[in-house]
Structure formats: C-alpha cells, structure tokens
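Q: Coordinates for the following, if possible.
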Amino acid sequence: MKIAISGKGGVGKTTIMALLAGELKKQGRDVLVIDADPSPHMAETLGVTNPEAIRPIAEMTKLLVERSGKTEGSPMYNMNPEVNDLLKDFMLEHDGMKLMVLGAIQTGDKGCACPENNVLRRMLTKLLLAKDQMVLLDMEAGVEHLGRGTIAGIDQLLIVVIPSKSSIRTALKVLKLAKDVKIPKISFVGNLVTDEDDREFLRNGLPDEPIAFFPDSKAIRKAERDAIAVTTLTNAAEDAPATLLQAIVR
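A: Down below sits the predicted model:
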C-alpha cells in the first residue's frame, strides 16, 4: 500500500507520518518512508543519527545531471535513466525502517521538466512500485504538487487538518485536486485537537469526519525540540496512531 500525506504547512504532517511508520513497524510491516519535502526533516523526527549531515538527493544537481545523460550544449537527455544503484546507495535504514530523503520533486505540466527532476521522478516511481512494502510519502505543504500530478499512483491520501479555518480551507482545496487526479481513497486526519469542541469544529467544516484525531501533545513538541524520535514516545499521541492504521487498512 502506498500512502501520501498533505495539508497546510505547519499542521504536523511529518510527525503524523512518523508515528504511522512507527505503528506499522510494531505490526511487523516492512516500511519505507520517502521524504519529498523541500525542507526535509523526517530523519530528525525518526531519530536518525546526525540528520543535519543528510543531503537531499534533489540538491545533488551534478549527480542528477550526469545520471540524466545530458551533455553541455545539447537539449537531449535520457527519459528513462537507470536509478536502481542510486536507490541502493542513498537508502537509509534506521530502527527497523527505511528512509529515502529525496527533497522537493518538481513534476508535471507546471513543474520543472529539467533533466535532474526527470531522474528524481524516475526514482520516486521506482520507490512507489516496491512490492510487499508499506510506502509512506511525506510531501511539501500546500496543494501545488497535486496539480503537478506528483502522487499519481498513490493508493490513499491523508489530508491533515487542525482546528482552524485556514487549515480547513487548504484541506478542501487539497480534496478537490486529489479527486481531480483520481486518488482512489482520500481521508482527513485531525491534529492538535484539545477537546470535543475542536473535534466538532472539524466535523462541521469538513465533508467527512476525520478517520483519526491526534492530540495537541506537549510530549511530542518537547521531543521535537530535544531531537528525540517521536516513535520512541509512549502514549504521547494516545491511541491515535493505532486508530489511524486501523482505518487505513480497513
């Protein structure tokens, strides 16, 4: 199963995806997390050692251009570059999970069609075709990536929304674009929820009830400030990660 996550910036997409990855690991699943955010910090959220030393592949311009086969002065490049070795060389393994830090991927009619982004698209496609593996795709904030078709082929999209009007507006835009690109299953996930009033606010503002509500957790905020993996916390998100996983696989 291939699951992507989206929503307004700052709503906690990376944290929720990390907690979901941890829940999948507890279930004995083979988990691959792909960080395709322009400012990737999934490695830090998962507790990878020395995360600041990890360079997103999207920033390795020279490597990507060379792999594309493009030569100086020529507009031609290989549309189907070989990337299997890159996937092997840059795949990180941590605490029973796999992580690929791609960085921002510009794809489709409105994005960059340059050779290096073609290599990144090829890498993402290969990763999403992995068999017998749960693939979690953490993407950039907002909705523009959906217009570029970045997540075509995803089985399910999780739209994270917090109890605010601006977050709901963004969530509804994401919903429309996700339907336009025909993602099979689209679900809302509530975050930073403090009480029943917050839950009711989200229920009233969204066309469907969120499949899980994550609490506004001081423990999670402190873990992020202290560079502690959120997956090591006990009950910081209450039963929300397990509830989310149950809803996904149902």
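Q: and after the helix or strand of the chain with the lowest mean pLDDT, which helix or strand comes next?
A: Ranking every helix and strand in the chain by mean pLDDT, DSSP states H and E puts helix 144-147 at the bottom, with a mean of 70. Counting by DSSP states H and E, the element after helix 144-147 in chain order, helix or strand, is strand 156-161.
Q: Please spell out which residues along that following strand are buried.
A: Buried residues in strand 156-161, counted by 16 or more other C-beta atoms under 10 Å: 156-161. The C-beta positions use only the backbone N, C-alpha and C, and glycine is treated the same way.
Q: out of those, who's nearest Pro38?
A: Of all those, the one sitting nearest Pro38 is Val160; the distance, using C-beta to C-beta, is 17.1 Å.
Q: what's the span of stretch 142-158, first residue to last?
A: 13 Å (C-alpha to C-alpha, to the nearest Å).
Q: brain fart, stretch 174-188
A: 10 Å.
Q: Now do it, average pLDDT.
A: Mean pLDDT, stretch 174-188: 92.
Q: Next: stretch 211-225.
A: Mean pLDDT, stretch 211-225: 95.
Q: Give me the contacts around it.
A: If you take C-beta atoms under 8 Å, 6 or more residues apart in numbering as the criterion, stretch 211-225 is touched by 12, 15-16, 19, 44-45, 187-194, 199, 202, 228-230, 232-233, 236-238, 240-241, 243-244, 247-248.
Q: out of the residues you listed, which are inside helices?
A: Judged by DSSP state H, these include 15-16, 19, 44-45, 199, 202, 240-241, 243-244, 247-248 as members of helices.
Q: farthest pair in those residues?
A: Glu44 and Arg199 (29.6 Å).
Q: So for the two, which sits in the more crowded spot?
A: Between Glu44 and Arg199, counting by other C-beta atoms under 10 Å, Glu44 is the more crowded of the two (19 against 16).
Q: ok, for the more buried one, nearest residue in space, not its chain neighbours?
A: Spatial nearest neighbour of Glu44, chain neighbours left out: Pro51 (4.2 Å); criterion: C-beta to C-beta, 6 or more residues apart in numbering.
Q: and the one you found, what does it touch?
A: 41, 43-44, 227.
Q: what stretches of the chain score poorly on pLDDT?
A: Low-confidence segments of the chain (pLDDT under 70): 72-76, 106-113, 143-144, 147-152.
Q: Strands along that one, start to end?
A: 2-7, 31-36, 92-94, 97-101, 134-139, 156-161, 185-193, 213-215 (DSSP state E).
Q: Residues touching the fifth one, excluding its own?
A: Residues from elsewhere that reach strand 134-139 (C-beta under 8 Å, 6+ apart): 1-6, 13-14, 17, 20-21, 24, 29-37, 40, 42, 127-128, 145, 150-151, 154.
Q: Show me which of those are buried.
A: Counted by 16+ other C-beta under 10 Å, those give 2-6, 13-14, 17, 20-21, 24, 29, 31-37, 40, 42, 127-128, 145, 150-151, 154 as buried.
Q: Can you give me the neighbour number for Leu92?
A: Here the count is done by other C-beta under 10 Å, and Leu92 has 18 residues near it.
Q: my guess is Lys126 meets Leu86, correct?
A: No. Using C-beta atoms under 8 Å, Lys126 is not in contact with Leu86, being 9.2 Å away.
Q: Neighbour count for those two, which is higher?
A: The neighbour count for Lys126 versus Leu86, taken as other C-beta under 10 Å, is higher for Leu86 (21 against 13).
Q: Skipping adjacent residues, who's closest to that one in space?
A: Excluding its sequence neighbours, the residue lying closest to Leu86 (C-beta to C-beta, 6+ apart) is Met123, at 6.3 Å.
Q: ok, now which ones touch that neighbour?
A: Listed by C-beta under 8 Å, 6+ apart, the contact set of Met123 reads 57, 83, 86-87, 100, 102.
Q: And it, how far from Val11?
A: Counting by C-beta to C-beta, to the nearest Å, the gap from Met123 to Val11 is 27 Å.
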